[in-house]
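Trainee: what's the 3D shape of this:
(chains A and B)
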Amino acid sequence: MNLSQKSAKKSSADLDVAGIKKDFPILATKMNGKPLVYLDSAATSQKPIQVISAITKYYREYNANIHRGVYKISEMATEAYTDSKRKLANFIGANSIEEIVYVRNTTEAINLVALSWGDANVQKGDHILISEMEHHSNIVPWQILAKKKGAVLDYIKLDKDKAGLSEKSIAEQLEKRPAIVAITHVSNVLGSINDVKDLTKKAKKVGALVLVDGAQSAPHMPVNVKDIGCDFFALSGHKMLAPTGIGALYGKKDVLNSMPPLFGGGDMIKSVEFYSYTPNDLPWKFEAGTSNIEGGIGLGAAIDYLNSVGMSKIREHEKRLTLYGLEKLSKIKNVELFGYQKKGIEKRGGVISFSIKGIHPHDVAAVFDSYGIAIRAGHHCAMPLVKGIFKEGALSRISFYLYNEEKDVDAAVEAIYAVKKIFKVR
Amino acid sequence: MPLDIYAEEIISHYEHPHNKGKLKEYDAEFHDDNPICGDEITMYLKIENGKIKDVKFDGQGCAISQASASMLTDLVKGMSLRDARKLDYEKIKELLGIDPGPARMHCATLSLKTLTGAIFVYEHKKN
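Mentor: Below is the predicted model of the structure:
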């Protein structure tokens, strides 16, 4: 076997990370004079040149409003925007674009459900069920709804390892027959992958609707909403190689059809008279005003890119990196790791939250910064989990994507030793 | 952010803070925190003849927040309330010997906020 055959064989099983990295211009830049090591993709992903080019091509060659102009470039823009919905529908296994509503981000998608479906359906004394590991975006909209309606907000507790959801707690809470169960697919703090298919099955038995927060799953693993069986699925484009300001709400067609529009304006109507209007068909009924056209086009290009690499491969790659990271970090004295450990890798996404005994995470992140390494330090928009359960003011977090490799983990390990040296921790 | 943010002086104040704890007797106290990062400081002041006779702080958080509290309390001991009220972020940067940058400004200024708050509480009570 010659060399080129060998590398071809390797690339059929593993990601060609070196090749992928070349597609991300920012990964060739420096931060504080050091080559940028980006380990904060759970916050936002970097963007490949293919996505950046698709957006600039739109502005340079066919910028026009959609659904309006009876001229060539408007038709081109409409087609590109609509096509990105087809791509996303395929990507997550939806039936058609009627089930894909474009919004700003996961947060807006969840708020749309709480404000439209929740306002029309939730009544005084109803139960709303979420979990202790939710991001603020899947807590606060339900707090607002519960307060407004006099409904009761309940939490599924963590299991005794503080990694997954407690089966006992799920069973207890479902006995209250909640109107809706809103649950994260993958925790942005713990990386835990929840069995949302099983939970949906159980929730359906008691008549609940199910919303899955897919902000941390859709970018990193194959997702099929029909297989899960959920009524709603929310995601953010910017965490999956697309620009900020574009996200999506998947909703089952009959559920979306039953919901009142949230915002009124152009594009969401079929016709308007002085004192009445007729709403537009799905999905446009929920998209009032001129859409984020460049965002939609960018998301379409991002999905093309992810498909060309392969979502299963990305998941396997991140699993390997996470395993490598857990292996390395678990050997460092006075470093505490959270969530499932090596044995639970099948239930863990590419997120590793950690703390170094006696050192504030902001100090950790600042030292990492000086090494050119970007990590997150804080409460990760999950204060009930970080402060309430783990009793930590903040945590440090490294998170992976398709462009990360083992040497990024090695750089993080080196930085941890530097932090310990500076703060004189053994 | 350059590594000198963790200059020996800052680390030394962080590891061995001056004026840490609670005063047995005090005329004003003020607590504040940065919920986004978990830094918290309570400032205690003993005031006599318009001057800060004694000062202590209690709290926890990152090196920047705790070192700045240690340095600031050293500075204001014996200072008139009038002068203490005039202290600003520029003075904190001078004490730390670095510019912590926009992301850490709230850490660096927490001690100043609690000091100003305690002085305000004292003067409000007096009037």
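Trainee: now the closest residue to chain A within chain B. Nearest residue, chain neighbours left out?
Mentor: Residue of chain B nearest chain A, by CB to the nearest CB: residue B:38 (2.0 Å). C-beta coordinates here come from the backbone N, C-alpha and C atoms, glycine included. Distances taken as CB to CB, 6 or more residues apart in numbering or on different chains put residue A:393 closest to residue B:38, at 2.0 Å, once the chain neighbours are dropped.
Trainee: any idea which residue is closest to the centre of chain B?
Mentor: The centroid of chain B falls nearest to residue B:111 when counting by CA atoms, centre = their mean (2.8 Å).
Trainee: dump the residue contacts of that one.
Mentor: Applying CB atoms under 8 Å, 6 or more residues apart in numbering or on different chains to residue B:111 gives the contacts B:41, B:43, B:57, B:65, B:68-69, B:72-73, B:92.
Trainee: among those, which lie within strands?
Mentor: B:41, B:43, B:57 (DSSP state E).
Trainee: for the second one, give its distance to residue A:360.
Mentor: Meaning residue B:43. Applying CB to CB, to the nearest Å, the value for residue B:43 to residue A:360 is 19 Å.
Trainee: looking at the two, which is more packed in?
Mentor: Shown here are residue B:43 and residue A:360; by other CB atoms under 10 Å in any protein chain shown, residue B:43 has more neighbours (32 against 27).
Trainee: right, and the more buried one touches residue B:30 too?
Mentor: Yes - using CB atoms under 8 Å, residue B:43 makes contact with residue B:30 at a distance of 5.2 Å.
Trainee: overlap in contacts, these two.
Mentor: Contacts common to residue B:43 and residue B:30, judged by CB under 8 Å, 6+ apart, are B:114-115, B:117-118.
Trainee: let's have these in CSV, adding pLDDT, secondary structure and neighbour count.
Mentor: Listed next are those as CSV, based on pLDDT from 0 to 100; DSSP: H, G, I helix; E, B strand; the rest coil; neighbours: other CB atoms under 10 Å in any protein chain shown:
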residue, pLDDT, secondary structure, neighbour count
B:114, 97, helix, 25
B:115, 97, helix, 27
B:117, 96, helix, 18
B:118, 97, helix, 26
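Trainee: which residues of chain B lie near chain A?
Mentor: By CB under 8 Å from any CB of the partner chain, the residues of chain B that approach chain A are B:1-3, B:5-6, B:11, B:14-15, B:35-39, B:60-64, B:104, B:107.
Trainee: so which of these sit within helices?
Mentor: B:11, B:14-15, B:63-64, B:107 (DSSP state H).
Trainee: narrow the residues of chain B next to chain A to just the buried residues.
Mentor: With burial judged by 16 or more other CB atoms under 10 Å in any protein chain shown, the buried subset of the residues of chain B next to chain A is B:1, B:5-6, B:11, B:14, B:37-39, B:61-64, B:104, B:107.
Trainee: could you give the mean pLDDT of stretch A:196-216?
Mentor: Stretch A:196-216 shows a mean pLDDT of 98.
Trainee: my bad, stretch A:399-415
Mentor: In this model, stretch A:399-415 has a mean pLDDT of 98.
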